[in-house]
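>>> The amino acid sequence is not available; the structure is as follows:
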């Protein structure tokens, strides 16, 4: 004859053991999820940092080469004052632009704002002057007080209405005064050549930020309608401040950053984890 009391006690032990097993399994599943999620975020952050470092080094080298090229051109033009010199200057600027096909509208501007020539237009009387333009006065002041090579804020081109990044180099006369400004336009989507968009990279965008908070370039480009707001206003947020303080290019006051949406990291993580989790 089976003792009902023993049976009851055995049933309670089995239920208790089953409950403990379920709790243990749930706890393990929770630990597995948390641990794997932390590893996924850490791994993606490491990959993003590697891509940013490699792309940042490549950009730093490119800007250094452009700087040296404009410096060399400026040294050749330093004595340009008379009409025959301007004829020679046109040949040199034209050659410089042909060697840097990524550049558009290379201009030689006299220190007072008079446009002397471009890479496609020789010196002639009808070329415009920037004298009296507040924007030019600010540019000239910045070049006189700061580095001789500078990348300006993106501007909207007056001819084709496309956004460009002006690269400028100040040429000084023997007395140290500003004699000329060499100005060349970089395409605003210049980061396309550094884009790491293959499947599995987890990187959705690259961006280049100036130290004053203005965005210099981003790729892929967003909707055209939002470009004016994106390039005309500085980013004063905490993230921008952190980037400028921790991840600048080696030789220029610029920061390359990568964007990885958290939703993409979570989706990739869940694709790898949902089967073990349900098991």
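Ah, there it is. Treat the numbers as computed from the prediction; the structure is a model and nothing was measured.
>>> you'd agree residue 208 is in a helix?
No - counting by DSSP: H, G, I helix; E, B strand; the rest coil, residue 208 is located in no helix; its state is strand.
>>> Which residues does it form beta bridges with?
residue 217, residue 256 (DSSP bridges).
>>> which residues touch it?
59, 191, 215, 216, 217, 218, 254, 255, 256, 257 (C-beta atoms under 8 Å, 6 or more residues apart in numbering). To be clear about C-beta, it is placed using only N, CA and C from the backbone, and glycine gets the same treatment.
>>> pLDDT value on it, please?
For residue 208, the model assigns a pLDDT of 89.
>>> Over to residue 179?
At residue 179, pLDDT is 91.
>>> Contacts only, for it.
Counted by C-beta under 8 Å, 6+ apart, residue 179 has contacts 78, 110, 111, 171, 172, 173.
>>> Next, it: secondary structure please.
Under three-state DSSP, residue 179 comes out as strand.
>>> Roughly how far does it sit from residue 34?
64 Å (C-beta to C-beta, to the nearest Å).
>>> Filter the contacts of residue 179 down to the ones in helices?
Among these, the subset assigned to helices under DSSP state H is empty.
>>> Among those residues, which one sits closest to residue 40?
Residue 40 has its nearest neighbour among the contacts of residue 179 in residue 171, at 52.0 Å by C-beta to C-beta.
>>> Count residues in the vicinity of the closest one, would you?
Residue 171: 24 surrounding residues under other C-beta atoms under 10 Å.
>>> Just to check, it is in contact with residue 72?
No - taking contacts as C-beta atoms under 8 Å, residue 171 lies outside contact range of residue 72: 11.1 Å.
>>> what's the overlap in contacts for the two?
The contact lists of residue 171 and residue 72 share no entry, where a contact means C-beta under 8 Å, 6+ apart.
>>> do you know how far the spatially most central residue of the chain is from residue 120?
Residue closest to the average C-alpha location in the chain (C-alpha atoms, centre = their mean): residue 208, at 1.8 Å. According to C-beta to C-beta, residue 208 and residue 120 sit 27 Å apart.
>>> now swap in residue 186 and tell me
Distance of residue 186 to residue 120, computed by C-beta to C-beta: 17 Å.
>>> if you count what's nearby, which of these two comes out ahead?
When neighbours are counted by other C-beta under 10 Å, residue 186 and residue 120 differ, and residue 186 comes out ahead with 22 against 12.
>>> what helix or strand does the more buried one sit in?
strand 178-187 (DSSP states H and E).
>>> swap in residue 85?
Taking DSSP H and E as the definition, residue 85 sits inside helix 83-99.
>>> Residue 123 now?
Short version, using DSSP H and E: residue 123 is in no helix or strand.
>>> Now it: phi and psi?
phi -60, psi 130 (degrees, to the nearest 10).
>>> how many other residues sit next to it?
By the measure other C-beta under 10 Å, the count of residues near residue 123 is 17.
>>> contacting residues around it?
Residue 123 neighbours (C-beta under 8 Å, 6+ apart): 83, 86, 87, 89, 90, 116, 117.
>>> in terms of contact, does the fifth one touch residue 120 like I think?
If I follow you right, that is residue 90. No - using C-beta under 8 Å, residue 90 makes no contact with residue 120, being 9.4 Å away.
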